[in-house]
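K.L.:
Just a sequence and a predicted model for now, questions to come.
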Amino acid sequence: MTPAIDAAKKAKIPHQIHQYHHDPAAESYGLEAAQALGQAPERVFKTLLAADEAGKLYVAVVPVVGMLDLKALAKAVKAKKLVMANPAQAEKATGYVVGGISPLGQKKRLPLVLDDSAQQFDTICVSGGRRGLEIELAPSDLLKLTGGSLAPVGRA
């Protein structure tokens, strides 16, 4: 499988794996996943990376229907200012390709913030570590596995 799936299995947390055929022409990986899985887009989360002025990386997990609020993420991680990490930087740090970056099983554990909207669901879907692969798990288990925190970092 992938390091993300392996991490969930090793930790023995309840999860489900969902696979679908990824269309390379899809405009939004996250919305494609929600549609392919028949899930409400609010329950499907994307993994984004941001960097501070020194180049330190932070992971944000937000609903695919919204956007990352960089100011809110900076406040949550006590950084002065954040910008989106460039794709090559994100891929190198996580070991995953853009569109398949999972918050689980990354090469290096980075500070992670999950949007607090996840609390309203028993389970959410996040990338399983490659395009066309999602893992469904409880938000609390995602936080436990990543050492992450909850904060309002997404916006519509």
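P.N.:
Looks like it arrived, so ask away.
K.L.:
Could you tell me the average pLDDT over stretch 102-122, please?
P.N.:
Stretch 102-122 shows a mean pLDDT of 97.
K.L.:
Pick out the residue closest to the middle of this structure.
P.N.:
residue 47 (2.6 Å; CA atoms, centre = their mean).
K.L.:
residues in contact with that residue?
P.N.:
59, 60, 61, 101, 102, 103, 126, 127 (CB atoms under 8 Å, 6 or more residues apart in numbering). To be clear about C-beta, it is placed using only N, CA and C from the backbone, and glycine gets the same treatment.
K.L.:
Ramachandran angles for the spatially closest residue to the fourth one that is not a sequence neighbour?
P.N.:
Counting by CB to CB, 6 or more residues apart in numbering, residue 47 is the residue found nearest to residue 101 once chain neighbours are left out, at 4.6 Å. In terms of degrees, to the nearest 10, the main-chain angles of residue 47 are phi -110, psi 120.
K.L.:
Which residues does residue 47 form beta bridges with?
P.N.:
Bridge pairing for residue 47 (DSSP bridges) gives the partners residue 61.
K.L.:
Please verify my assumption that residue 95 contacts residue 109.
P.N.:
No: with contact defined as CB atoms under 8 Å, residue 95 does not reach residue 109; the gap is 11.7 Å.
K.L.:
Before I go, just wanted to say thanks for your time.
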